[in-house]
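Asks: sequence first, predicted coordinates after that:
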Amino acid sequence: MIKLVDVIKNYAIGENEIPALRNINLHIAKGEYVSIMGPSGSGKSTLMNILGCLDTPSSGHYFFKGTDVSILNDDQLSAMRNSEIGFVFQNFNLLPRLNSLQNVELPLIYAGMPAAERKKRALEALERVGLSGRLDHKPGELSGGQRQRVAIARALVTHPGILLADEPTGALDSKTGVEIMALFQELHDEGNTIILITHEAEIADYAHRNIFIKDGMIHSDKCRVVSD
């Protein structure tokens, strides 16, 4: 599903170019549950931005379902993000004036889906994450865990190719974090491809494949045995 070939990303600071990613080669298959871990400044956020079509490589190629994302223009990248990638962020990124249902509907509005169909899809997504009883609640009326569930429902509503979760438990207490990670495990068991960005080893260990990045390079890429 995902293939990175010799991906380099440099950032210009004044007259200097600072390397963020150095010759990244990576394959992620459909249905995998992968964590990407590394210290601050390791390049994991840059890699996340490229995987999420929020940025493009300085050189090299990123293939998503056979499409070379590296050569797409901004409009094409936006369309790819909206249809193929479900984002879950640490701080939820919900609009405070909209209720749960309206927040989940947003990607479908951008996609031009008719109102009746997008409401149906949003209701199904909220039911999937256990929030069918909180449709009319705005983010300020929800707990942190409930807000993250709304964010996960919004990520699921387009039936994306991958779920890309950036520090999804970072704003939650430990008990709620465990509940959210249990939900991700359920979603993976249903066949969803999940890429988890984290700096916490205990969160990375929920994934079945652990990639460690340091100094812009992949230092290790290990699969762990998952018991039934």
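Replies: Received, thanks. Computed from a predicted model, the values in this text were never measured in an experiment.
Asks: and the lengthiest helix in the chain, what does it pack onto?
Replies: With secondary structure taken from DSSP state H, the chain has its longest helix at helix 174-189. Contact partners of helix 174-189 among helices and strands, from 3 or more Cβ pairs under 8 Å, 6 or more residues apart in numbering; DSSP states H and E: strand 33-37, helix 144-156, strand 162-166, strand 193-198. Yep, even glycine has a C-beta here, placed from its N, CA and C like the rest.
Asks: ok, now with 6 Å
Replies: With contacts defined as 3 or more Cβ pairs under 6 Å, 6 or more residues apart in numbering; DSSP states H and E, helix 174-189 has no packing partner among the helices and strands.
Asks: after the helix or strand of the chain with the lowest mean pLDDT comes which helix or strand?
Replies: The element with the least model confidence among the helices and strands of the chain, by mean pLDDT, DSSP states H and E, is helix 74-84, at a mean of 89. Beyond helix 74-84 in the direction of the C-terminus, DSSP states H and E gives the next helix or strand as strand 85-89.
Asks: what angle do the following helix or strand past that next one and helix 74-84 make?
Replies: Heading C-terminal from strand 85-89, the first helix or strand you meet, by DSSP H and E, is helix 100-110. Between helix 100-110 and helix 74-84, the angle comes out at 140 degrees (axes from the mean of the first three to the mean of the last three Cα atoms, to 10 degrees).
Asks: what about the protein, any weak spots by pLDDT?
Replies: When residues are selected by pLDDT under 70, those of the chain lie in 225-228.
Asks: ok so, going back, what about the least confident helix or strand of the chain, distance to the chain center?
Replies: Computed by Cα atoms, centre = their mean, to the nearest Å, the separation of helix 74-84 from the middle of its chain amounts to 14 Å.
Asks: buried sites along that helix?
Replies: Neighbour-count burial for helix 74-84 flags 77, 80, 81, 82, 84 (criterion: 16 or more other Cβ atoms under 10 Å).
Asks: on that earlier part again, run through who's touching the longest helix of the chain.
Replies: Residues outside helix 174-189 that contact it (Cβ atoms under 6 Å, 6 or more residues apart in numbering): 33, 145, 148, 169, 194, 206.
Asks: again, 7 Å this time
Replies: Counting by Cβ atoms under 7 Å, 6 or more residues apart in numbering, the neighbours of helix 174-189 from elsewhere in the structure are 33, 129, 144-145, 148, 152, 163, 165, 168-169, 172, 194, 203, 206.
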